[in-house]
Structure formats: C-alpha cells, structure tokens
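Peer 1: Sequence first, then the predicted structure:
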Amino acid sequence: MAEDGTVVDVLRASTPGRSDAPEVVERALVEGVTTLRQEHDVTAIGVGAAGFVGLDGRVRFAPHVSWRDEPFAAKLTDRLGISVVVDNDANVTALAELRYGAAAGRREVLVLTLGTGIGGAVVMGGAVRRGAQGLAGEFGHLQVVPQGRLCPCGHRGCWEQYASGTALVRAAREAGAPEDVTGPEVTAAAGTGTSWAEAAFAEVGRWLGVGLAGLVAGLDPELVVIGGGLSAAGDLLLDPTRAALADRLPGRRYRTVPPVVVAACGPEAGMIGAATLARESMGQVGGTVGGSSA
Amino acid sequence: MGLTVGVDVGGTKIAAGVVDEKGQIVATSRRESPAMDSEAVEATIAELVRELKKEHAIEAVGVGAAGFVDVRRSTVLFAPNIAWRDEPLKAELERLTDLPVVVENDANAAAWGEFAFGGGKDFDDFLLVTVGTGVGGGIVLDGQLHRGAFGVAAEIGHLRVVPQGRPCGCGNLGCWEQYASGSALVRDARERVAAGSDDVANLLRRAGGRAEDLTGPIITEAAQDGDAVAVELLSEVGRWLGEGIASLTAVLDPAVVVIGGGVSEAGDLLLEPIRQHFRANLTARAYRPELEIRPAELGNKAGLIGAADLARQD
C-alpha cells in the first residue's frame, strides 16, 4: 500500500489448515512478502489475524490456524529483517474504516465484522482501543441467551451464534431453505423476495440490533459500522437491525440513536488497515496508534 | 489547582465536599434533595458550594448527577429521579456560584473517583460495576474516561441478558439490572417468601415477619451471620454479575473490574460468586491473563471525589 492508502499490488494464497504447524502459515507469509519486496520498496509490514492478538504481537489464540501463544510479530520481524506489527483482523479493519472509509473523521465508533462469527473493534477518541491485553472488541462472545446455542469458544448463548453469517444460514434452513444453502445464496434469494431468505434476514437483523442496543447503551458511539462478508447484504440486513436498535436502546427518546452503516473499504479493509497500522507504528514501540493517549 | 468541590446529586440527598488533589475529602456538607423541583435543586447545590467556599479556597466545582449528561458536560439531557429535561445545569450553576462548573453523569464521576484514587488506581484499563438499586458503571480505557459520543456511555445495566425476560423500567425486557442488582436481590427474596418456602423463616424474622420490609442490607446481614438462604440469594446475584462481567470483558478487556454500590458491602459473599462465574464464562479464558475483580475502596464517596477531580482536570 502506498502512503495515500492506494493498494499498489496484491498477492493471495489459501490459508493453510488448522492442522498444519504454525510454521506453515509463517512460511507462506514470508514467501508472499518476499515476492512483493522483489517488486516494491517495502518499509514496514502489518498483519491482521483472526484471533486474540496481545499488545506484544503474540497471537494468543487463533480459531482457524494452529497458533497458540505464538510470538508471531517477533518471529516475522526476525525472519524478514523489517518491522512487522500484528493486530486482530477486526481492529485493522476498523483502522482502515477510520482512515479511509465509513468512519473517516469520527471519534466514537463501534466496528463489527460479520462473517463466520462477529469480530469487533472499539474506537474511542479517534483511536482503536485494544484494552489491557489487546483483546478488546470480542463482541461475538457477549452472552445474549442464558444456556443458549453452543459456541465453539466453549460457552453457550454467544451473540455470534445468533447474528453472523453462520446464524443467517442456520435461520434460512430453519425457515425452509435447502440444507446446503450458503450465505451468499441467502442474500441473493432475499433480493428476489424468497420468503425463507427474508425471514432469515429479519431474524439475524433483529438479533444484531438487540445486541447493538446493549453495546450502544454501554459505549455510546456516534456511529456503528458493519463490515465483513455478511455486510454485502446491505439494507436487507441493516433495516431490521436499525429497527431493533431504535426500538431497544434505553433512553431512546432522550438520546441520539447512532446510524448503522455498511463499511466502505470492502473486502480489502483488513489489508489496508494492517498496512496503515504498520505505517503508523513505524518508529514507535507499543502505545496507541493513531490517537492521543493520556 | 488546589481545592475543588465535588457534588453528588442523588434522588433524596445532595452531598458536597471539598476535595484536595490527592482525592482526600477536607470538608463536607449535605442537604435533603428537593428532587422534583429542578430550580430548587440548583439553588440547594449553589447554597452548599457557597457555604464551603466561605472556609476553603475553592477553584472549581464538579457535579455528578444521575442521568444523561451531554458530551460538553454542561446540559442534563434527562434525569430519571429529578425533573431535569435538557437542563443547562453548568450555565445555571456557574451563574449561581461564580465558579467554573463541570457536570458529569454520577456513575462516570464515581468511576473516575475509583479509577484515580480507589480500586483502579494502579491500572489504565478499568471497568466499574456499581450494584445498587440498578446496575451502573463506568469505563476507563487507556487512562481516559470513556464518555461516549453523547456523554451517555456505560449504561451497562441495560445489556439484555435474558430474551423476553423481566420487564425493566427502561421499557425493555431482560435487562441485566433486573437480575444483578439490589432490587433483584430483594425481589428474589420476596419471591421465595411468597412461594411459601420454609427455609426463609430466619430471613423473614429479621424483616419483622413482613416480606415487604425485606431490604438488601437485611439480606446481607443475614448472609454474614451464616443464613443459608441469604447466602444463596447473594450468590445468585453474583452469578448474574459474573456472567455479565465476562461479556463486558470480551468487549473491553479491562485490567481490573471494581465492584461498587450498596450491595458490594456484602464483600466476598458477593465477590466470590462473581469471580467464580466470571471465570466459568469468560471466552478464551485459557489464552488470556486473569484480571482482578476487586471491591470498590471509596464507598459512596466515589462520586463526590471523582466529580471534584474531574473539575480539577478540566
């Protein structure tokens, strides 16, 4: 990525499986970066990873790859001889939206990425807040139903079991969709007025709005940005979401209900945000990137 | 800045105190609150400030008020227990006291007090959960009070924890504070009495035999004396608190959670169940350091001390 946020070159590869050793992912990344560096004068590297990323760039836990307390940033920095920063994928998505997208110029924002689960980021005072350990923004594991649906995290009733791409497919099936229906198919079917698809969006949108009402009560953002694969459904998802939020927000008559909008950086948001994080982290160790701190 | 005044505006009492820069209260004064008469409330606050000003070199005033306070910390948008609607409290009080005034939501003020001088003083990322009539709180991230875009952050008592659950005064069903507050504690106790359970005889005796006279402090006292039902009632509230705090920790990742409010006076009878159910419900617990859940240290003075310190910071 260039300084102005333009993506100059893109290289893609499939993520190695969960059963592969951490080194396999690391090797794939090093190879990709090495290829890109042959063509471009790269000064820093940012990585957005699905998982719990500590403030020190350690990946404490990743649901889809075999990292467990992996000192990823340090290892990559060592192998590539160039500064590498790592953050959670939703946090870097939020940074992209904050610098170049739907949240540009805003200070108090919640960013959610809806895919298999719910990723999230808390923007406060114009900066992505990572919490004490770097683990803030795990909105998907808010418990919304006591003894509810089982979540792969080991607990029950987590929000992402009710308001994610996975939940959409499940809701569509329960409303009569074919067993092998996919998320994009549900979206396409809803666009043409198929009743099971519309029912699925109504349900998932409502759960999204109900959960947001709690988060908005707790954090009082000026804006909510929805990204991730499911956000491609746009108003199909967000209309019921907005309705449920407006209906449930405590004190709604005496406060502003924040707008809920679709992310603007698209599927490359994570890439753009990670590169932005790398640029903004250059020359500093730790600390809060992109905002004032106390 | 040397001394400032912190004012805690409650539904029944208004307390004011002179506070130094170390968070120590130098002098206090209080009055009954004429809650339903907004002008009288302002006159009472001004009177308290003027009284303290006679004896102390006061430089600013911080007011903590229950309700939604706008982001410029000047207007009370809505107060549940006082007749304020879009009340320009800062301007009015500055006119009446001739001092700079900062207005803050009472829970935020209390959170700042606990963060700066109490249970959170060693940390940068902090969550206060206040367990009283309802559940309130305050959030500090990276050393900054999280006020939100409209100054109404940390209304954490209205997280929905049970779909189609108990009705809440806010108009929704299933809000956290309907399960994890002092009111919930008392209601649970009365429900057990109403259900004709034998094991509540001891508890009921403490309330003079009348279920409607059961209070949070009576239940806490009974629990401290070993009454099994009272212990169980507190641990049920603790369970709901622990589960909710696990959710909030997933969102905010604080380094410490401080439990304040009247019900927290039950100490470990409440804190231990909170800790136990927090641990049982925290996502990815194995991959994160355990945070501390501590009692508040400033008691009901946290709001006053916090408001005074926020006035100093301004």
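Peer 2: All right, it came through fine.

Peer 1: Okay, now the unreliable bits of chain B?
Peer 2: By pLDDT under 70, chain B has no low-scoring segment.

Peer 1: got the residue ranges for the strands in it?
Peer 2: Under the criterion DSSP state E, chain B carries strands at the ranges B:3-9, B:13-19, B:25-32, B:58-65, B:68-69, B:76-78, B:85-87, B:101-105, B:126-131, B:135-141, B:144-145, B:256-260, B:292-295.

Peer 1: quick one: which of these is nearest chain A?
Peer 2: Comparing these by their distance to chain A (Cβ to the nearest Cβ), the top pick is strand B:76-78, with 3.6 Å. Placement of C-beta: from N, CA and C, glycine included.

Peer 1: Partner strands of the closest one and their direction?
Peer 2: Here strand B:76-78 has these sheet partners by DSSP bridges: strand B:68-69 (antiparallel), strand B:85-87 (antiparallel).

Peer 1: buried set for the longest one?
Peer 2: Of the residues in strand B:85-87, those with enough neighbours to count as buried (16 or more other Cβ atoms under 10 Å in any protein chain shown) are B:E87.

Peer 1: which residues touch it?
Peer 2: A:Y254, B:S38, B:T75, B:V76, B:L77, B:F78, B:A79 (Cβ atoms under 8 Å, 6 or more residues apart in numbering or on different chains).

Peer 1: Distance check, the closest residue to chain B within the stretch 151-294 of chain A against A:P184.
Peer 2: Here the stretch 151-294 of chain A gets closest to chain B at one residue, A:D220, 2.3 Å apart by Cβ to the nearest Cβ. Distance of A:D220 to A:P184, given as Cβ to Cβ, to the nearest Å: 34 Å.

Peer 1: the more surrounded of those two?
Peer 2: Neighbours per residue, other Cβ atoms under 10 Å in any protein chain shown: of A:D220 and A:P184, the larger number sits with A:D220, 26 against 13.

Peer 1: Angles on the backbone of the more buried one, please.
Peer 2: The phi/psi pair for A:D220 (degrees, to the nearest 10) reads phi 50, psi 60.

Peer 1: Find the nearest non-adjacent residue to it, please.
Peer 2: Closest residue in space to A:D220, ignoring its immediate chain neighbours: B:G148 at 2.3 Å, by Cβ to Cβ, 6 or more residues apart in numbering or on different chains.

Peer 1: So which residues on the stretch 51-200 of chain B come close to chain A?
Peer 2: Within the stretch 51-200 of chain B, the positions near chain A by Cβ under 8 Å from any Cβ of the partner chain are B:68, B:77-78, B:85, B:123-125, B:137, B:139, B:141-144, B:146-156, B:158-163, B:168, B:170-172, B:175.

Peer 1: just to revisit the earlier point, contact partners for the residue of the stretch 151-294 of chain A closest to chain B?
Peer 2: A:E108, A:R255, B:R147, B:G148, B:A149, B:F150, B:G151, B:V152, B:A153, B:A154, B:E155.

Peer 1: on that earlier part again, if you rank the contacts of strand B:85-87 by neighbours, which is first?
Peer 2: Counting neighbours by other Cβ under 10 Å, the top entry in the contacts of strand B:85-87 is B:V76, with 26 neighbours.

Peer 1: I'd say that one and B:L89 touch.
Peer 2: Yes. Using Cβ atoms under 8 Å, B:V76 is in contact with B:L89, at 5.0 Å.

Peer 1: Relative to B:V102, how far out is the residue nearest to B:P100 when sequence neighbours are not counted?
Peer 2: What sits nearest to B:P100 in space, not counting adjacent residues and going by Cβ to Cβ, 6+ apart, is B:A60, at 4.6 Å. Computed with Cβ to Cβ, the distance linking B:A60 and B:V102 is 7 Å.

Peer 1: Compare those two (neighbour count), which wins?
Peer 2: Comparing B:A60 with B:V102 by neighbour count (other Cβ under 10 Å), the higher total belongs to B:V102, at 25 against 21.

Peer 1: And the residue nearest the centre of the chain?
Peer 2: Unless you meant another one, I'm taking chain A. The centre of chain A sits closest to A:A90, judged by Cα atoms, centre = their mean, with a distance of 2.9 Å.

Peer 1: Chain B is the one I meant
Peer 2: For chain B, the residue sitting closest to the mean C-alpha position, by Cα atoms, centre = their mean, is B:T130 at 3.9 Å.

Peer 1: give the contact list for that one.
Peer 2: B:T130 touches B:A107, B:A110, B:G136, B:G137, B:G138, B:G260, B:G261, B:A296, counting by Cβ under 8 Å, 6+ apart.

Peer 1: Touching, the last one and B:E265? I think so.
Peer 2: Right, the one you point to is B:A296. No. The pair B:A296 / B:E265 is not scored as a contact, 9.7 Å apart, by Cβ under 8 Å.

Peer 1: the more surrounded of these two?
Peer 2: For B:A296 and B:E265, the more surrounded residue by other Cβ under 10 Å is B:A296, and the numbers stand at 25 against 19.

Peer 1: who are the neighbours in contact with the closest residue to the more buried one other than its chain neighbours?
Peer 2: In space, and not counting its chain neighbours, B:A296 is closest to B:G260: 3.3 Å by Cβ to Cβ, 6+ apart. Contact analysis of B:G260 by Cβ under 8 Å, 6+ apart lists B:A110, B:E114, B:G119, B:L128, B:V129, B:T130, B:V131, B:P295, B:A296, B:L298, B:G299, B:A302.

Peer 1: Who's the closest spatial neighbour of whichever residue of the stretch 151-300 of chain B sits closest to chain A, skipping the chain neighbours?
Peer 2: At 2.5 Å from chain A, B:D253 is the closest residue in the stretch 151-300 of chain B, using Cβ to the nearest Cβ. Distances taken as Cβ to Cβ, 6+ apart put A:G131 closest to B:D253, at 2.5 Å, once the chain neighbours are dropped.

Peer 1: that's a strand at the one you found, yeah?
Peer 2: No. Secondary structure of A:G131 (DSSP: H, G, I helix; E, B strand; the rest coil): coil, not part of a strand.

Peer 1: That one against B:L141, yeah?
Peer 2: Yes. Counting by Cβ under 8 Å, A:G131 does reach B:L141; the two are 7.1 Å apart.

Peer 1: what's the overlap in contacts for those two?
Peer 2: In contact with both A:G131 and B:L141: A:V122, B:D125, B:L252, using Cβ under 8 Å, 6+ apart.

Peer 1: What is the three-state secondary structure of the first one?
Peer 2: Under three-state DSSP, A:V122 falls in the strand class.

Peer 1: residues touching it, list them.
Peer 2: Contacts of A:V122 (Cβ under 8 Å, 6+ apart): A:L110, A:V128, A:R129, A:G131, A:A136, A:G137, A:L219, B:L141, B:V251, B:L252.

Peer 1: what about the second one, neighbour count?
Peer 2: A:V128 is flanked by 28 other residues according to other Cβ under 10 Å.

Peer 1: For the stretch 1-150 of chain A, which segments are assigned as strands?
Peer 2: A:45-49, A:52-53, A:59-61, A:68-70, A:84-88, A:109-114, A:118-124, A:127-129 (DSSP state E, counting those that start in this stretch).

Peer 1: Any idea which of those strands gets closest to B:G6?
Peer 2: Between B:G6 and these, the tightest spacing by Cβ to Cβ is seen for strand A:118-124, at 24.6 Å.

Peer 1: Next, the angle from that closest one to strand A:45-49.
Peer 2: Interaxial angle of strand A:118-124 relative to strand A:45-49 (axes from the mean of the first three to the mean of the last three Cα atoms, to 10 degrees): 130 degrees.

Peer 1: and strand A:118-124 with strand A:84-88, angle?
Peer 2: Using the same axes, to 10 degrees, the inter-axis angle of strand A:118-124 relative to strand A:84-88 is 110 degrees.

Peer 1: between strand A:118-124 and strand A:109-114, how many degrees?
Peer 2: Relative orientation of strand A:118-124 versus strand A:109-114 (the same axes, to 10 degrees): 170 degrees.
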